[in-house]
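Q: sequence isn't available, so here's the structure alone:
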């Protein structure tokens with residue numbers, strides 16, 4: 001792995017900001033620019049570089065975390081150990097009936113660049129553009145129809161059908177961010193995706209600078225009139241491998257990072273100096289996926305042979321030092337739809353795997369497995385390689401950088417999906433089963449549905465599950481959906497992992513969601 005530069009010169013940052021044609025600091029008075037970069041700095045790590053700062057078209061959780069600093073939402077997640085939300089840009093919000101949510105905005109929230117006050121028309125524009133421009137994450141808004149404007153500060157979100165996940169996904173997460181209609185229209189002409197070039201801000205911070213694969217910087221927004229955040233600058237460093245992030249932390253280059261599970265036991269007994277270690281349950285889900293349209297994997301008997309040959313506890317012992325529990329599906333404990341057990345037992349069964357291969361009439365099968373270049377993923381791939389060799393399947397491990405891997409199954413990025421066979425994958429999630437499972441409907445084939453799983457029944461259940469308010473009845477729907485995925489042979493569920501984090505307690509007081517992900521605005525200096 002290439003060496004990465006974690007230290008960014010403050011003097012160098014000031015010079016870059018002053019010279020940057022589209023940079024925020026270029027438009028700030030010199031005294032404000034110096035204050036922004038010379039004050040208290042929060043230094044954190046993220047696992048991949050940024051691709052979007054347009055919240056309506058985001059790719060990764062960390063992009064939503066930055067959006068929460070530079071834009072406003074009606075509501076946001078509260079820090080702590082229990083999932084809950086609280087008001088942000090909304091002064092008041094209520095569910096009038098199953099398909100109507102009325103909100104009233106706080107007055108005085110301003111956009112930068114002279115674009116004036118945030119109003120209900122910006123809310124309407126922000127929410128509707130996700131659907132209008134067919135965003136890859138439009139599913140986060142479910143059956144959104146439109147937003148009615150009652151006056152400058154009041155509006156009504158109108159849904160085509162009831163959508164229970166609105167309070168756990170749509171409003172408090174990425175697509176719930178409000179962008180400036182006038183600024184976005186000027187920048188894009190059609191109101192579409194503005195990528196990494198946000199034209200205006202309404203949050204406590206502004207996007208100041210970005211060096212791909214090196215750092216992203218946020219500086220205080222001088223137009224912000226709300227509660228003052230704890231830090232003058234947030235410096236975010238992409239480090240793909242968590243082990244490398246741990247070393248960067250110990251070297252003093254970052255002050256907050258996730259911890260690998262195999263390091264967790266070590267750090268419990270002997271944490272780095274001045275460090276607080278926190279353990280959090282994870283909503284993420286890890287799995288082995290199979291491209292069901294690949295000629296070598298079209299036969300369900302081949303896929304089932306692979307499922308039964310994979311010993312999940314063995315993988316977790318090797319990749320996570322036994323610190324992670326076996327998953328029963330994609331929905332973790334504590335979330336509606338969690339299954340008590342999977343259809344294929346965790347340990348698998350080599351005899352059954354041989355039987356399925358015999359049904360397929362396959363001998364000397366050679367396959368590939370793709371994974372991102374992070375230690376846990378590589379270890380999982382190599383362990384699966386050894387396990388499949390026990391039933392006569394030769395497996396070549398392809399280790400890819402995150403930029404290459406993250407678009408591997410997307411048809412819009414070329415024909416690489418046709419060659420893809422097995423993959424080691426993991427996604428973050430939110431505390432609603434819809435978030436995980438909505439991307440496996442048929443409309444998502446070639447977008448996020450890389451296994452190219454197709455089921456009419458699954459699609460029907462996906463549409464039904466979001467309308468059911470009773471948690472027990474809703475759980476039955478998501479149990480069956482996970483059964484359908486597993487029965488297809490295209491998935492081998494592994495784990496939800498865990499979310500241990502560490503931070504320098506002499507520098508910061510961290511604040512996270514219940515799953516350990518950072519809420520930067522709630523961080524405080526010590």
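A: Perfect, thanks for sending it. Everything quoted here is computed from the prediction, not taken from an experiment.

Q: can we go C-alpha only for contacts and neighbour counts from here?
A: Noted.

Q: which ones are touching the closest residue to residue 347 other than its chain neighbours?
A: Leaving aside its sequence neighbours, residue 347 sits nearest to residue 311 (C-alpha to C-alpha, 6 or more residues apart in numbering; 4.4 Å). For residue 311, the contact set (C-alpha atoms under 8 Å, 6 or more residues apart in numbering) comprises 346, 347, 348, 387.

Q: helices - which of those land there?
A: Mapping the contacts of residue 311 onto helices (DSSP state H) picks out residue 387.

Q: now restrict the contacts of residue 311 to buried residues only.
A: 346, 348, 387 (16 or more other C-alpha atoms under 10 Å).

Q: nearest to residue 105, of these?
A: The shortest approach to residue 105 among these belongs to residue 346, at 49.6 Å (C-alpha to C-alpha).

Q: gap between the residue nearest to the closest one when sequence neighbours are not counted and residue 129?
A: Nearest residue to residue 346 in three dimensions, chain neighbours excluded: residue 312, at 5.2 Å (C-alpha to C-alpha, 6+ apart). According to C-alpha to C-alpha, to the nearest Å, residue 312 stands 42 Å off from residue 129.

Q: and the two? which has more neighbours close in?
A: Legend: neighbour count by other C-alpha atoms under 10 Å for residue 312 and residue 129, higher for residue 312 (25 against 21).

Q: can you pull the pLDDT of that one?
A: Residue 312 is assigned a predicted lDDT (pLDDT) of 98.

Q: isn't it right up against residue 349?
A: No. At 11.1 Å, residue 312 does not count as touching residue 349 under the criterion of C-alpha atoms under 8 Å.

Q: spit out the residues that contact those two alike.
A: Joint contacts of residue 312 and residue 349 (C-alpha under 8 Å, 6+ apart) do not exist.

Q: what is the nearest of the buried ones among the contacts of residue 311 to residue 161?
A: In terms of C-alpha to C-alpha, no member of the buried ones among the contacts of residue 311 lies closer to residue 161 than residue 346, at 38.0 Å.

Q: which residues are in contact with the closest one?
A: 311, 312, 313, 326.

Q: how near is it to residue 315?
A: Distance from residue 346 to residue 315, by C-alpha to C-alpha: 10 Å.

Q: which is the next helix or strand following the lengthiest helix in the chain?
A: Longest helix in the chain by number of residues (criterion: DSSP H): helix 471-487. Where DSSP states H and E defines the elements, the next helix or strand beyond helix 471-487 is strand 491-495.

Q: wait, isn't residue 57 in contact with residue 136?
A: Yes. Shown here, residue 57 and residue 136 form a contact pair, counting by C-alpha under 8 Å, at 6.6 Å.

Q: looking at these two, which is more packed in?
A: Each of residue 57 and residue 136 has its neighbours counted (other C-alpha under 10 Å); residue 57 has more, 25 against 17.

Q: any idea which element the closest residue to the more buried one other than its chain neighbours lies in?
A: Closest residue in space to residue 57, ignoring its immediate chain neighbours: residue 135 at 5.6 Å, by C-alpha to C-alpha, 6+ apart. If you go by DSSP H and E, residue 135 is not part of any helix or strand.

Q: residues near residue 135, how many?
A: Residue 135 has 16 neighbouring residues, counting by other C-alpha under 10 Å.

Q: what about it, distance to residue 194?
A: 12 Å.

Q: try residue 362
A: Residue 362 is 49 Å from residue 194, by C-alpha to C-alpha.

Q: give me the more crowded residue out of the two.
A: Neighbour totals were compared for residue 362 and residue 194, and residue 194 leads with 18 against 15 (other C-alpha under 10 Å).

Q: can you pull the phi/psi pair for the more buried one?
A: phi -100, psi 10 (degrees, to the nearest 10).

Q: tell me who's in contact with the residue nearest to it when sequence neighbours are not counted.
A: Of all residues not flanking residue 194 in the chain, residue 54 sits nearest, at 6.0 Å (C-alpha to C-alpha, 6+ apart). For residue 54, the contacting residues are 67, 193, 194, 195, 196, 198, by C-alpha under 8 Å, 6+ apart.

Q: try it again at 10 Å.
A: By C-alpha atoms under 10 Å, 6 or more residues apart in numbering, residue 54 lies in contact with 63-64, 67, 174-175, 177, 179, 192-199.

Q: residue 142: which of those is nearest?
A: Set against residue 142, the nearest of the contacts of residue 54 by C-alpha to C-alpha is residue 175 (11.0 Å).

Q: in the stretch 351-500 of the chain, where is pLDDT below threshold?
A: Nowhere does the stretch 351-500 of the chain drop to pLDDT under 70.

Q: roughly how far apart are the residue positioned nearest the centre of the chain and residue 80?
A: The chain has residue 61 as the residue nearest its centroid, 2.9 Å off, counting by C-alpha atoms, centre = their mean. Plainly put, residue 61 is 18 Å away from residue 80 if you go by C-alpha to C-alpha.

Q: could you do residue 162 as well?
A: To residue 80, residue 162 is 29 Å away according to C-alpha to C-alpha.

Q: okay, those two: which has more neighbours?
A: residue 162 (20 against 13).

Q: so which residues of the stretch 301-450 of the chain form strands?
A: With DSSP state E, counting those that start in this stretch as the criterion, the stretch 301-450 of the chain has strands at 366-372, 394-400, 422-427.

Q: typo on my end, the stretch 151-300 of the chain
A: Using DSSP E, counting those that start in this stretch, strands in the stretch 151-300 of the chain cover 154-159, 177-178, 205-211, 215-220, 233-238, 256-258, 275-278, 285-290.

Q: so what does the first one touch, helix or strand wise?
A: Contact partners of strand 154-159 among helices and strands, from 3 or more C-alpha pairs under 10 Å, 6 or more residues apart in numbering; DSSP states H and E: strand 90-97, strand 100-105, helix 120-132, strand 144-149.

Q: quick one, the second one and helix 120-132 angle?
A: Right, strand 100-105. 140 degrees (axes from the mean of the first three to the mean of the last three C-alpha atoms, to 10 degrees).

Q: strand 100-105: partners in the sheet, and parallel or antiparallel?
A: Under the criterion DSSP bridges, strand 100-105 sits next to strand 90-97 (antiparallel), strand 154-159 (antiparallel) in its sheet.

Q: pull the residues that contact that strand.
A: Defining contact as C-alpha under 10 Å, 6+ apart, one finds that strand 100-105 is touched by 73-74, 87-96, 118-120, 123, 147-162, 166.

Q: filter the residues you listed down to the buried ones and hand me the PyMOL line.
A: Buried residues among these (16+ other C-alpha under 10 Å), as a PyMOL selection:
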select buried, resi 73+74+87+88+89+90+93+118+119+120+123+147+148+149+153+154+155+156+157+158+159+161+162+166
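
Q: picking that back up, and the longest helix of the chain, what does it pack onto?
A: On a contact count with 3+ C-alpha pairs under 10 Å, 6+ apart, helix 471-487 meets helix 300-309, helix 433-437, helix 456-465, strand 491-495.

Q: try it again at 7 Å.
A: Under the contact definition 3 or more C-alpha pairs under 7 Å, 6 or more residues apart in numbering; DSSP states H and E, helix 471-487 sits against helix 456-465.

Q: list the contacts of the helix it packs on.
A: For helix 456-465, the external contacting residues (C-alpha atoms under 7 Å, 6 or more residues apart in numbering) are 438, 441, 474, 477, 481, 484.
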